[in-house]
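Student: sequence? don't have it. structure:
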């Protein structure tokens, strides 16, 4: 029996998947476990494996967005009727909808009305309601599916609607006769001068619209929820990085790992979080969770937005281990090959823009964390040291806090400890 392959939920925040490309072709033999397509989720581009053995009979969606549980392909024996498999799958979905009780948003009708097909969606409606089978049949028959009236639920176009059009194709409309324009009323007043708008570039607008990626959609939704739900406040502190600069130079001489300032920041933050567990917490609505393990999310910029791979148990790892792990995860993030479990479970997040020369900024909290640390670049500037004006290597950091979880004094104490560690970083090695 032919088996229908549906779009799986590949991450906890995924609402639809975007098919990037197929690695198998129609008519090709596949086995359970074979990778058949690449799917872009809200977090990464992932491989879609088949759970069935057989022949890839039909690809319903070549590329583009597909909602969770949407039909994307059919696998079965060679020559088997894939259309019947899709029709059966659609029938089971329709039966489930029919058995669902009416809700306040769609109340059940008490009067009986004669059935009538819903009007067809306009040609420019990107959310056309049509079954994959109907789309495939219309494409094979060379019919513009936008011209078909759907008789399914909410005007959805189904198999029988396409079959009806194939059996009785509509006649081409006769060209409309030209109509004479109505005569303008006579007036003694002179006609006003024509208004010609002033514009550059020949009067054509110069812009480019790009579709929003799945990742950007989720970034917009999650950070919007965070910014407008969690009451943010911000704490900024200057840190003298003179000893950290010296330590890094020494580590480069004795260690094969090229430890970065970001690695020092991660390690120092992990140590400070152990001393201030209230900052290593999450808001859960009815409770506040204080995390005993330190899992630090590290923001990584990618072309479509931002990914946050997680360094787990960061307080237990050496600087070399942190360096190796961050490099590995950042590389996977830029290639969009991170797996969902590599981006989940963070208890605190660090966003570092120092490598871009940014001295100071604020960051939006990354749910479910209660805080995020924004790290600026190291700047040489005059400072007073032991009564003398000297050049110091200074770095600004800003802690964004969710006031539902962290109070000002709690955040300030965390920053003080963080500052003390980086200003005497030998503590990171013991």
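Tutor: Nice, thanks for sending it over. Predicted, not measured: the structure shown is a model, and the values here were computed from it. Numbers count the residues shown, from 1 in each chain.

Student: in the stretch 51-200 of the chain, which spans are helices?
Tutor: Using DSSP state H, counting those that start in this stretch, the helices of the stretch 51-200 of the chain run over 82-99, 132-141, 159-167.

Student: swap in the stretch 301-430 of the chain?
Tutor: 319-334, 408-423.

Student: In the protein, where is pLDDT below threshold?
Tutor: Scanning the chain for pLDDT under 70 picks out 12-13, 42-43, 91-127, 132-133, 136, 153-154, 171-203.

Student: Ok, which of the helices of the stretch 301-430 of the chain comes nearest residue 35?
Tutor: Nearest to residue 35, of all the helices of the stretch 301-430 of the chain, is helix 319-334, at 17.0 Å by Cβ to Cβ. The C-beta positions use only the backbone N, C-alpha and C, and glycine is treated the same way.

Student: So which bits of the closest one are buried?
Tutor: Neighbour counts over helix 319-334 (16 or more other Cβ atoms under 10 Å) mark 319, 321-323, 325-326, 329-330, 332-333 as buried.

Student: Tell me the one among the residues you listed nearest to residue 383.
Tutor: The nearest member of the buried residues of helix 319-334 to residue 383, counting by Cβ to Cβ, is residue 319 at 26.0 Å.

Student: Wait, the closest one touches residue 257, no?
Tutor: Yes: in this structure, residue 319 is within contact of residue 257 by Cβ atoms under 8 Å, at 7.4 Å.

Student: where do the contact lists of those two overlap?
Tutor: residue 251 (Cβ atoms under 8 Å, 6 or more residues apart in numbering).

Student: Out of the helices of the stretch 301-430 of the chain, which gets nearest to residue 353?
Tutor: When the helices of the stretch 301-430 of the chain are compared by Cβ to Cβ, helix 319-334 sits nearest residue 353, at 14.4 Å.

Student: contacts for the closest one?
Tutor: Contacts for helix 319-334 (Cβ under 8 Å, 6+ apart): 44, 251, 255, 257-260, 262-264, 266-267, 298, 300, 302, 307, 309-311, 314, 317, 338, 342, 428-429.

Student: The residues you listed, buried ones only, as a ChimeraX selection?
Tutor: A single ChimeraX command selects the buried members of the contacts of helix 319-334 (16+ other Cβ under 10 Å):
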select :44,251,257,259,260,262,263,264,266,267,298,300,307,309,310,311,314,317,338,342,428
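
Student: Which of the contacts of helix 319-334 fall in strands?
Tutor: Here DSSP state E is the test, and the contacts of helix 319-334 give 298, 300, 302, 307, 310-311 as lying in strands.

Student: Apart from its chain neighbours, what residue comes closest to residue 54?
Tutor: residue 75 (4.5 Å; Cβ to Cβ, 6 or more residues apart in numbering).

Student: my guess is that neighbour contacts residue 50, does it?
Tutor: Yes: look at residue 75 against residue 50 with Cβ under 8 Å: they come within range, at 6.4 Å.

Student: and for these two, which residues touch both?
Tutor: Shared contacts of residue 75 and residue 50 (Cβ under 8 Å, 6+ apart): 5, 30.

Student: coming back round to it: mind putting the buried residues of helix 319-334 in TSV, distance to residue 64 included?
Tutor: Conversion of the buried residues of helix 319-334 to TSV gives the following (distance: Cβ to Cβ, whole Å):
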residue	distance to residue 64
319	45
321	41
322	39
323	40
325	35
326	34
329	29
330	29
332	25
333	24
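
Student: out of those, who's nearest residue 83?
Tutor: residue 332 (39.9 Å).

Student: From residue 216, how far out is the closest one?
Tutor: 19 Å (Cβ to Cβ, to the nearest Å).

Student: Can you name the residues that contact residue 159?
Tutor: 83, 87, 131, 133-134, 137.

Student: Which of those residues ranks first by neighbour count?
Tutor: Neighbour counts for the contacts of residue 159 peak at residue 134, which has 26 neighbours (criterion: other Cβ atoms under 10 Å).

Student: right, and that residue touches residue 164 too?
Tutor: No: using Cβ under 8 Å, residue 134 is not in contact with residue 164, being 11.1 Å away.

Student: now the most centrally placed residue in the chain, nearest residue through space, not along the chain?
Tutor: Taking Cα atoms, centre = their mean, the centroid of the chain lies closest to residue 215, which sits 2.1 Å from it. Leaving aside its chain neighbours, residue 215 sits nearest to residue 304 (4.5 Å; criterion: Cβ to Cβ, 6+ apart).

Student: now swap in residue 74 and tell me
Tutor: Per Cβ to Cβ, 6+ apart, closest to residue 74 is residue 82, 4.0 Å.

Student: Would you mind measuring from the one you found to residue 286?
Tutor: 49 Å.

Student: neighbour-wise, which of these two wins?
Tutor: The neighbour count for residue 82 versus residue 286, taken as other Cβ under 10 Å, is higher for residue 82 (24 against 5).

Student: Next up, the contacts around that one.
Tutor: By Cβ under 8 Å, 6+ apart, the contact list for residue 82 reads 2, 57-58, 74, 76.

Student: Can you tell me the number of residues neighbouring residue 248?
Tutor: 19.

Student: which residue packs closest to it, ignoring adjacent ones?
Tutor: residue 259 (6.1 Å).

Student: what's that neighbour sitting at in phi/psi?
Tutor: phi -60, psi 130 (degrees, to the nearest 10).

Student: shouldn't it be in contact with residue 252?
Tutor: Yes: Residue 259 is in contact with residue 252 according to Cβ under 8 Å; the separation is 7.1 Å.

Student: Is residue 270 in contact with residue 312, as I believe?
Tutor: No: contact criterion Cβ under 8 Å: residue 270 and residue 312 do not qualify, at 10.6 Å.

Student: quick one: which of these two has more around it?
Tutor: A count of neighbours by other Cβ under 10 Å puts residue 270 above the other of residue 270 and residue 312, at 25 against 16.

Student: Assess the claim that residue 5 and residue 50 are in contact.
Tutor: Yes: Residue 5 lies in contact with residue 50 (Cβ under 8 Å); the separation is 6.8 Å.

Student: list residues touching both of those two?
Tutor: 36, 75.

Student: what's the closest of the contacts of residue 159 to residue 421?
Tutor: When these are compared against residue 421 (criterion: Cβ to Cβ), the nearest one is residue 131, at 60.1 Å.
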